[in-house]
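J.: Return a 3D structure for these sequence lines:
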Amino acid sequence: MKGRIFVIGASQGGIEAISALIAQLPADFPAPVFVAQHIAASSLGGLPRILGRAGSLPAAHPRDMEIFERGKVYVAPPDRHMLLQRGYVCLSRGPRENHVRPAIDPLFRSAASAYGAAVVGVILTGHLDDGTAGLMAVKDRGGVAIVQDHAEAVAPSMPRSAHAHVSIDHCCTLSKMGAILVDLASDDVGSQVPAANPLIEVETRIAAGELNLAEWSRFEKLSAPSGFRCPACGSALFEVRDDRMIRFRCRAGHAFSARCLLEEQAQMREKAIAGLYDLLMEEATLASRLLNLSGDDDSGLRTAISDRVSDARRNAALAGQWLAYPQGGQARREQSLAPSRNPSDFDSRR
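T.: Modelled structure (predicted):
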């Protein structure tokens with residue numbers, strides 16, 4: 001297919017933003033539009049219906065291996081990455097990227113790989129920074145980068161990140177973006193595709209589910225061990241060799257930006273502290289019951305068990321502070337959280 005390829009990515013607040021943008025495109029829009037909106041795997045898939053009602057272009061979830069057409073909007077279905085090949089769409093349950101599927105980066109990367117300078121990448125409202133690496137790939141292959149003005153975005157993080165890491169061609173409000181897309185759709189970009197980018201190619205194949213030793217060997221040459229572990233599967237993370245943005249991927253294919261990994265680490269920390277808190281509560285409760293029910297008159301043993309209860313309660317209180325106030329500050333309300341002097345209190349609270 002000659003002409004432009006438009007790829008749009010959004011997350012929080014994206015349904016309204018995409019609807020507003022699609023509504024500005026005329027019925028004779030001469031290019032296909034591909035949309036990746038973060039949605040839950042359990043979603044009923046109603047976004048195509050919403051977009052179809054919002055504007056003049058028909059919208060649908062594509063079928064795997066479907067040949068796409070100009071003047072249609074293709075929406076990534078729930079729990080599938082939507083990838084582009086020359087002339088058709090590929091749907092994949094490949095590894096999650098930035099903890100989501102569908103993710104924006106795989107769509108943008110695959111479009112850049114297949115269509116080079118013909119691609120127009122659009123980043124709209126959203127949390128964190130999915131889409132930034134994909135938009136970098138679009139620019140690396142000669143395409144056009146458009147970003148919503150973060151001042152009007154419901155969630156400005158994704159537009160801010162794209163603007164910070166990518167050489168943006170257009171940054172504007174949604175009300176002005178439609179006219180830009182219409183103008184770009186009329187461009188004659190030719191059919192020349194730039195030379196292949198090894199990193200874009202291998203990451204696109206991983207997103208398509210091509211997880212094998214050969215692909216991983218290629219990726220290893222483009223990355224380095226990071227010393228971090230994958231929050232999704234626990235395996236080692238490798239850092240992509242790209243000075244523009246810190247990114248990671250594990251052997252199972254899960255990919256994370258540094259910001260997304262930091263968010264995942266915070267959740268892992270909370271889960272670990274919650275498990276520690278529960279373990280200490282159980283230890284204090286069991287030791288307290290043993291202390292109350294034991295007929296042993298060994299004063300040394302009773303003292304040891306009583307100290308065990310006190311230590312467990314004190315440490316549980318500290319873990320509880322971290323759970324309730326992980327950022328510190330007023331969290332250090334140690335007096336109000338100080339343990340009772342009576343070890344048997346734990347037994348009555350369980």
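J.: Assign a three-state SS to the closest residue to P194 other than its chain neighbours, would you?
T.: Ranked by Cβ to Cβ, 6 or more residues apart in numbering and with sequence neighbours excluded, the top spatial neighbour of P194 is G116, at 4.9 Å. Yep, even glycine has a C-beta here, placed from its N, CA and C like the rest. Classification of G116 using DSSP: H, G, I helix; E, B strand; the rest coil returns helix.
J.: where's S306 relative to S299, distance?
T.: 10 Å (Cβ to Cβ, to the nearest Å).
J.: out of those two, which sits in the more crowded spot?
T.: Comparing S306 with S299 by other Cβ atoms under 10 Å, the one with more neighbours is S306, at 14 against 8.
J.: I figured that one was touching A284, is that so?
T.: No - taking Cβ atoms under 8 Å as the definition, S306 is not a contact partner of A284, at 10.9 Å.
J.: okay but F29 is in contact with V182, surely?
T.: Yes - under the criterion of Cβ under 8 Å, F29 makes contact with V182 at 7.1 Å.
J.: So those two - more neighbours on which side?
T.: Neighbour count, other Cβ under 10 Å: between F29 and V182, F29 has more, with 24 against 16.
J.: Nearest residue to V89 in space, please, no chain neighbours.
T.: Using Cβ to Cβ, 6+ apart, the closest residue to V89 is P62 (4.3 Å).
J.: right, and that neighbour touches L91 too?
T.: Yes - contact criterion Cβ under 8 Å: P62 and L91 qualify, at 7.0 Å.
J.: what's the overlap in contacts for the two?
T.: P77, M82 (Cβ atoms under 8 Å, 6 or more residues apart in numbering).
J.: need the contact list for the residue lying closest to A208 once chain neighbours are set aside.
T.: Nearest residue to A208 in three dimensions, chain neighbours excluded: S92, at 4.9 Å (Cβ to Cβ, 6+ apart). Applying Cβ under 8 Å, 6+ apart to S92 gives the contacts R80, H81, L83, P106, A207, A208, G209.
J.: Which helix or which strand is home to the third one?
T.: Applying DSSP states H and E as the criterion places L83 in strand 81-85.
J.: following that strand, which helix or strand comes up?
T.: Counting by DSSP H and E, what follows strand 81-85 is strand 88-92.
J.: Distance-wise, check the residue located most distally from the centre of the chain relative to R308.
T.: Relative to the centre of the chain, the most outlying C-alpha is that of D297, 59.0 Å out, by Cα atoms, centre = their mean. Between D297 and R308 the distance is 18 Å, computed by Cβ to Cβ.
J.: Return the distance of the nearest residue to I67 once chain neighbours are set aside relative to I5.
T.: Closest residue in space to I67, ignoring its immediate chain neighbours: Y88 at 4.9 Å, by Cβ to Cβ, 6+ apart. According to Cβ to Cβ, Y88 and I5 sit 12 Å apart.
J.: So which bits of the longest helix along the chain are buried?
T.: If you go by DSSP state H, the chain has its longest helix at helix 258-293. By 16 or more other Cβ atoms under 10 Å, the buried positions in helix 258-293 come out as 259-261, 263-264, 273, 276-277, 280-281, 283-288, 291.
J.: Then stretch 318-326?
T.: By neighbour count with 16+ other Cβ under 10 Å, stretch 318-326 contains the buried residues L318, A319, G320, Q321, W322.
J.: what's the strand or helix carrying the last one packed up against?
T.: When secondary structure is defined by DSSP H and E, W322 falls within helix 299-324. Counting contacts by 3 or more Cβ pairs under 8 Å, 6 or more residues apart in numbering; DSSP states H and E, helix 299-324 is packed against helix 258-293, helix 334-337.
J.: where are the low-confidence patches of the stretch 51-200 of the chain?
T.: Residue ranges of the stretch 51-200 of the chain with pLDDT under 70: 190-193.
J.: would you list every one of the helices in it?
T.: 104-115, 132-140, 157-165, 174-185, 198-207 (DSSP state H, counting those that start in this stretch).
J.: Quick one: closest of those to T125.
T.: helix 157-165 (6.6 Å; Cβ to Cβ).
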